[in-house]
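Peer 1: coords below, sequence missing:
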């Protein structure tokens, strides 16, 4: 992505986003789609909203779909989660640091079973997790259970702090993301 243009003349659109965000902060669920022709400033509007929402104590998750990852299941979600893990690992790239960081993130939600760490670690290509809890799971069951964990994690996050899930270029999402 290139450099963003200055934010000018989009007060109406930003106000609509902020009203929806206000509703979310009051416990309501909202879905907002920002759409339009290429180059009209959709990314700029969302960037400005993100700056405002972060200032209000939000949990902002952003995924970017791309033609380059269209055939890779959950690629934007994986990249976003890897970023969260690396942030928690203080930027260390050693597999054990990442595994410990992932365990810490998942450990904040006490309702996950013993299968959560090895399933999410596998999804994120983080080695070293004890896989004994998932050895008997079929590939289909592993996928279903991984998606259940991701959904529960997002829902739990939203219970603690309002969540803004920003999906950029959703038209490039692979089919698995449409059902996540």
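Peer 2: Yep, that arrived. In this text, all values refer to a predicted model and were calculated from it rather than measured experimentally.
Peer 1: mind listing what's buried in the longest helix along the chain?
Peer 2: For the chain, the helix with the greatest residue count under DSSP state H is helix 139-160. Applying a neighbour-count criterion of 16 or more other C-beta atoms under 10 Å, the buried positions in helix 139-160 are 142, 143, 145, 146, 147, 149, 150, 153, 157, 158. Heads up, the C-betas are built off the backbone N, CA and C, glycines and all.
Peer 1: Stretch 20-28 too?
Peer 2: In stretch 20-28, counting by 16+ other C-beta under 10 Å, buried: 20, 21, 24.
Peer 1: how much space between the residue sitting nearest the centre point of the chain and residue 53?
Peer 2: The centre of the chain sits closest to residue 61, judged by C-alpha atoms, centre = their mean, with a distance of 4.5 Å. Relative to residue 53, residue 61 is positioned 11 Å away (C-beta to C-beta, to the nearest Å).
Peer 1: any shared contact partners between these two?
Peer 2: Residues touching both residue 61 and residue 53 (C-beta atoms under 8 Å, 6 or more residues apart in numbering): residue 164.
Peer 1: any weak-confidence spans in the protein?
Peer 2: Scanning the chain with the threshold set as pLDDT under 70 gives 1-8, 56, 91, 93, 95, 175-180.
Peer 1: Would you map the strands across it?
Peer 2: Using DSSP state E, the strands of the chain run over 59-64, 163-168.
Peer 1: Those: which one's closest to residue 49?
Peer 2: Among those, the nearest to residue 49 by C-beta to C-beta is strand 163-168 (7.9 Å).
Peer 1: Which elements pack onto that closest one?
Peer 2: Counting contacts by 3 or more C-beta pairs under 8 Å, 6 or more residues apart in numbering; DSSP states H and E, strand 163-168 packs against helix 11-25, helix 42-54, strand 59-64, helix 139-160.
Peer 1: Tell me which residues are up against the first one.
Peer 2: The reference is to helix 11-25. Contacts for helix 11-25 (C-beta under 8 Å, 6+ apart): 30, 32, 34, 45-46, 48-49, 52-53, 56, 58, 162-164.
Peer 1: Specify which member of these is nearest to residue 94.
Peer 2: Each of the contacts of helix 11-25 was scored against residue 94 by C-beta to C-beta, and residue 163 proved nearest at 29.5 Å.
Peer 1: any idea what sits nearest that closest one, other than its immediate chain neighbours?
Peer 2: residue 59 (4.7 Å; C-beta to C-beta, 6 or more residues apart in numbering).
Peer 1: Now do stretch 73-93: everything it contacts.
Peer 2: By C-beta under 8 Å, 6+ apart, stretch 73-93 touches 61-66, 69, 97-98, 100-102, 104-105, 120, 123-124, 126, 150, 167, 173-174, 176-177, 180.
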